[in-house]
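*Asks:* Need a 3D model of the sequence below.
(chains A and B)
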There are 2 protein chains.
Amino acid sequence: MGSEITLEQVCERLKEQDNILILAHQNPDGDTLGSCFALLFALQAMGKRARVECSDPFPPRYRFMFPNYVPEQFTEQFIVAADIADTQLFGKNSEKYTDRVDLCIDHHPSNTFYAKETYLVADAAATAEVVADVIDRLGVPLDLAMATCIYTGLSTDTGCFRFSNTTAKTHLIASRVIDLGVDNAEINREMFGRKTQSRIAIEREVYNTMEYHFGNKCAVICMTREMLEKAGADDSELEGVSTIPCQIEGVEVGVTLREKEDGFKVSLRTGKYIDASEICARLGGGGHARASGCFIADTLENAKKKVLDVVEQAFADAPANRLDTGIC
Amino acid sequence: MGSEITLEQVCERLKEQDNILILAHQNPDGDTLGSCFALLFALQAMGKRARVECSDPFPPRYRFMFPNYVPEQFTEQFIVAADIADTQLFGKNSEKYTDRVDLCIDHHPSNTFYAKETYLVADAAATAEVVADVIDRLGVPLDLAMATCIYTGLSTDTGCFRFSNTTAKTHLIASRVIDLGVDNAEINREMFGRKTQSRIAIEREVYNTMEYHFGNKCAVICMTREMLEKAGADDSELEGVSTIPCQIEGVEVGVTLREKEDGFKVSLRTGKYIDASEICARLGGGGHARASGCFIADTLENAKKKVLDVVEQAFADAPANRLDTGIC
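*Replies:* Residues are numbered from 1 along each chain as shown, chains lettered A, B, ... in the order given. Next up is the predicted model:
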């Protein structure tokens, strides 16, 4: 296990080094790529050679951050990982680097300190927020290219400043990079305004399975393998689907049943007064009070009945005076 | 027509006056109520009597901004309108005040200057942004109650900092009010995390009508009166439905057909290279290059065919080298 270092030490390391390889995590998102490329542009502005690598190809939707990027060829002397909490997230083509990372810059509290040295800011909304501090401390003036990367990291990791990880500092950095000319509206349109045809198709299938129970306080949706196949949807397009039932007004328990090889994976979200982990524990699973899961090796109808029986009991056990319902 | 005044003059007026009536617009939203109540709390902090009135009841979803509000009874000596661009937006129960407004604070470029004096900041994302400046200039320290109102105004009028009206200043104020303890995540959950059962039902109906044409470059959805009735949805729940088809990746023309008494209202959104207003002009309507509309007094099938014929022609006329598609 490596050691934790300070912002000042991060900057000392980067100033000393050259021929720097910057690694993004597999299935790259806006924050890992925004962080890597903001850092790349800053190091290049310092006259250094640097390159960004990722186990997977850079998805076209993020290329606006680095439209003219051509990777420089050199033998890496120093390896930086950005937004990679664990060596399992390096991906197949970057596995060869897992034991050789000199510096990890991250914001995940779950970081395993696999790197020789790690700079972890666990209350940062995004690694891009941490990288903005690094660039400032390096004394490199933020330019529009770096600012665009940082904004994209902040915006994508916070659901456009909506989630609870968004802090006063997140907004302060957003303000600063917009002042530098970042086209925030266009970035948000690209990041949040689009759905694939297969995502629309899977939502349509899922909506058609929606059932309400117990005076509409419980909503259930199902995703069978046949539905996924029909919609042509893959796993990456299912993000957030299990939050659909519990977003409905008045629903306290939202249930999502998803077909696997030998049964159904159950995701349970609850609102204000039902403990999801208690329900899932009774079905052999567990999790948090508001979001839990379990697995039921049975048919769809039987799995649904088993969950609903326990949910019904939970409503019966809930204090009679808890009439308010909320968002799961 | 009244005159425009400066921030300094706004503060002079408010300091001089007492027994101040603050008006919100009809069908009140987060910005008009956030602006009115932030101003109310500031005036009360200055030792003044003030009251907020609205033609419609305050919707329960916004009451967290003023949970203990009891309107003070007094004869109004000075009337302020906040976020009301036009006297037509006063609503039936506030009509009696339209000729008597002393001061209007607003951010709508369409403001008609109906008040004796108006302070208009047309590049502010929300009226709450303007009110934050007023409170600062009045010398009243922002407290958590005012900060919560201001955050709600900013967040709701910008689609949670997503739309193009969001500026560096918007984020700067958001940063400041979160520092004061505003529970931004909870507010966003309440404002953006919920859907009604009937909204879910209408989306389900609409998804089931989705058709793709011309190599998936055109997507069409329909809303019949029977569907709305079946879903139990009213007009207020249809917001944004017509943006569904054009959010789909690869779609250049999104068409929404909505049944009216004697035919179909057509909403057309386009992406990067098809002019929506040209298509609608050929069908007797008009609008903007990216969002237009028309009305077709015919059956659903015939109306759809008429629109698709013109869309097909528009694709045929589009330069052959314009292969990129985008978001409408």
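
*Asks:* got the residues of the stretch 201-328 of chain A near chain B?
*Replies:* Residues of the stretch 201-328 of chain A lying close to chain B (Cβ under 8 Å from any Cβ of the partner chain) are A:203-204, A:207-208, A:210, A:212, A:216, A:244, A:247-250, A:327. Every residue, glycine included, has its C-beta placed from N, CA and C.

*Asks:* Show the buried residues in these.
*Replies:* A:203-204, A:207, A:210, A:212, A:244, A:247-249, A:327 (16 or more other Cβ atoms under 10 Å in any protein chain shown).

*Asks:* Format those residues as a markdown table; extra columns: pLDDT and distance to residue A:64.
*Replies:* Formatted as a markdown table, those follow (pLDDT from 0 to 100; distance: Cβ to Cβ, whole Å):
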| residue | pLDDT | distance to residue A:64 |
| --- | --- | --- |
| A:203 | 92 | 26 |
| A:204 | 91 | 30 |
| A:207 | 94 | 32 |
| A:210 | 95 | 36 |
| A:212 | 97 | 42 |
| A:244 | 90 | 29 |
| A:247 | 87 | 30 |
| A:248 | 92 | 35 |
| A:249 | 88 | 37 |
| A:327 | 44 | 33 |
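
*Asks:* Sort out which of those residues are in strands and list them.
*Replies:* Of these, the ones assigned to strands by DSSP state E are residue A:212.

*Asks:* of all the buried ones among the residues of the stretch 201-328 of chain A next to chain B, which two lie farthest apart?
*Replies:* A:204 and A:327 (23.5 Å; Cβ to Cβ).

*Asks:* Show me what the least confident helix or strand in chain A by mean pLDDT is packed up against.
*Replies:* Least confident helix or strand of chain A, by mean pLDDT, DSSP states H and E, is strand A:286-287 with a mean of 84. Strand A:286-287 is packed against helix A:276-281, strand A:291-296, with contacts defined by 3 or more Cβ pairs under 8 Å, 6 or more residues apart in numbering or on different chains; DSSP states H and E.

*Asks:* strands paired with the last one, and their directions?
*Replies:* What it means is strand A:291-296. According to DSSP bridges, the neighbouring strands of strand A:291-296, each with its direction, are strand A:263-270 (antiparallel), strand A:286-287 (antiparallel).

*Asks:* Distance of residue A:264 relative to chain B?
*Replies:* Applying Cβ to the nearest Cβ, to the nearest Å, the value for residue A:264 to chain B is 22 Å.

*Asks:* and that residue, what is it in contact with?
*Replies:* Neighbouring residues of residue A:264 by Cβ atoms under 8 Å, 6 or more residues apart in numbering or on different chains: A:257-258, A:295-296, A:298, A:300, A:303.

*Asks:* If you rank those residues by neighbours, which is first?
*Replies:* Highest neighbour count within the contacts of residue A:264, by other Cβ atoms under 10 Å in any protein chain shown: residue A:303, with 23 neighbours.

*Asks:* ok but that residue is inside a strand, no?
*Replies:* No. Applying DSSP: H, G, I helix; E, B strand; the rest coil, one finds residue A:303 to be helix, outside a strand.

*Asks:* didn't it look like it was pressed against residue A:296?
*Replies:* Yes. Applying Cβ atoms under 8 Å, one finds residue A:303 in contact with residue A:296, separated by 4.1 Å.

*Asks:* Assign residue A:256 to helix, strand or coil.
*Replies:* strand.

*Asks:* all helices for the stretch 151-300 of chain A, in order.
*Replies:* A:168-179, A:184-192, A:197-207, A:225-231, A:276-281, A:300-317 (DSSP state H, counting those that start in this stretch).

*Asks:* Please identify the buried residues of the fifth one?
*Replies:* This means helix A:276-281. Going by neighbour count (16+ other Cβ under 10 Å), the buried part of helix A:276-281 is A:276-280.

*Asks:* could I have it exported to PDB, CA atoms only?
*Replies:* C-alpha atoms of helix A:276-281 as PDB (Å, rounded to 0.1, in the frame of the first residue of the first chain):
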ATOM      1  CA  ALA A 276     -35.000  -1.300   2.200                       C
ATOM      2  CA  SER A 277     -32.100  -3.200   3.800                       C
ATOM      3  CA  GLU A 278     -34.500  -4.900   6.200                       C
ATOM      4  CA  ILE A 279     -36.800  -6.100   3.300                       C
ATOM      5  CA  CYS A 280     -33.800  -7.300   1.300                       C
ATOM      6  CA  ALA A 281     -32.300  -9.000   4.400                       C
END
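
*Asks:* one step back: pick out whichever of the contacts of residue A:264 sits closest to chain B.
*Replies:* When those are ranked by distance to chain B (Cβ to the nearest Cβ), residue A:257 comes first, at 17.4 Å.

*Asks:* Please report the distance of that closest one from residue A:299.
*Replies:* 11 Å (Cβ to Cβ, to the nearest Å).

*Asks:* Quote the end-to-end distance of stretch A:130-145.
*Replies:* 17 Å (Cα to Cα, to the nearest Å).

*Asks:* That one close to chain B?
*Replies:* No. Stretch A:130-145 stays clear of chain B (Cβ under 8 Å from any Cβ), getting no nearer than 13.2 Å.

*Asks:* ok, residues contacting that stretch?
*Replies:* For stretch A:130-145, contacts defined as Cβ under 8 Å, 6+ apart pick out A:7-8, A:10-11, A:14-15, A:34-35, A:37-39, A:41-42, A:45-46, A:65-66, A:82, A:105-107, A:119, A:121, A:124, A:146, A:150, A:153, A:173, A:176-177, A:180-182.

*Asks:* Repeat that for stretch A:192-200.
*Replies:* A:61, A:160, A:203, A:231-234, A:237, B:162, B:207, B:210, B:212, B:216, B:244, B:247-250, B:327.

*Asks:* repeat that with 7 Å
*Replies:* By Cβ atoms under 7 Å, 6 or more residues apart in numbering or on different chains, the surrounding residues in contact with stretch A:192-200 are A:160, A:231-233, A:237, B:162, B:207, B:210, B:216, B:247-249, B:327.

*Asks:* With distance to residue B:266 as added columns, please give those in CSV.
*Replies:* CSV is the format used below for the contacts of stretch A:192-200 (distance: Cβ to Cβ, whole Å):
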residue, distance to residue B:266
A:160, 30
A:231, 28
A:232, 29
A:233, 30
A:237, 30
B:162, 27
B:207, 19
B:210, 16
B:216, 20
B:247, 18
B:248, 18
B:249, 23
B:327, 20
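
*Asks:* what's the most distant pair in the residues you listed?
*Replies:* Greatest spatial distance among the contacts of stretch A:192-200 (Cβ to Cβ): A:232 and B:162, at 28.2 Å.

*Asks:* So for these two, which sits in the more crowded spot?
*Replies:* Of the pair residue A:232 and residue B:162, residue B:162 is the one with more neighbours under other Cβ under 10 Å, namely 23 against 13.

*Asks:* Correct me if wrong: that one contacts residue A:160.
*Replies:* Yes. Counting by Cβ atoms under 7 Å, residue A:160 is a contact partner of residue B:162 at 4.8 Å.

*Asks:* Overlap in contacts, those two.
*Replies:* Shared contacts of residue B:162 and residue A:160, defined by Cβ under 7 Å, 6+ apart, are found at A:188, A:192.

*Asks:* what about residue A:122, distance to chain B?
*Replies:* 17 Å.

*Asks:* Just give me the neighbour total for residue A:123.
*Replies:* 10.

*Asks:* what pLDDT does it get?
*Replies:* pLDDT, residue A:123: 94.

*Asks:* quick one on the thing from earlier: who touches both of residue A:303 and residue A:296?
*Replies:* Common contact partners of residue A:303 and residue A:296 (Cβ under 7 Å, 6+ apart): A:263-264.

*Asks:* returning to that earlier point: least reliable of the strands paired with strand A:291-296 by average pLDDT, please.
*Replies:* Of all the strands paired with strand A:291-296, mean pLDDT reaches its minimum on strand A:286-287 (a mean of 84).

*Asks:* which residue sits closest to the spatially most central residue of chain A, ignoring its sequence neighbours?
*Replies:* With distances taken as Cα atoms, centre = their mean, residue A:157 lies nearest the centre of chain A, 6.2 Å away. Take residue A:157 and drop its neighbours on the chain: the residue closest to it by Cβ to Cβ, 6 or more residues apart in numbering or on different chains is residue A:126, 3.7 Å away.
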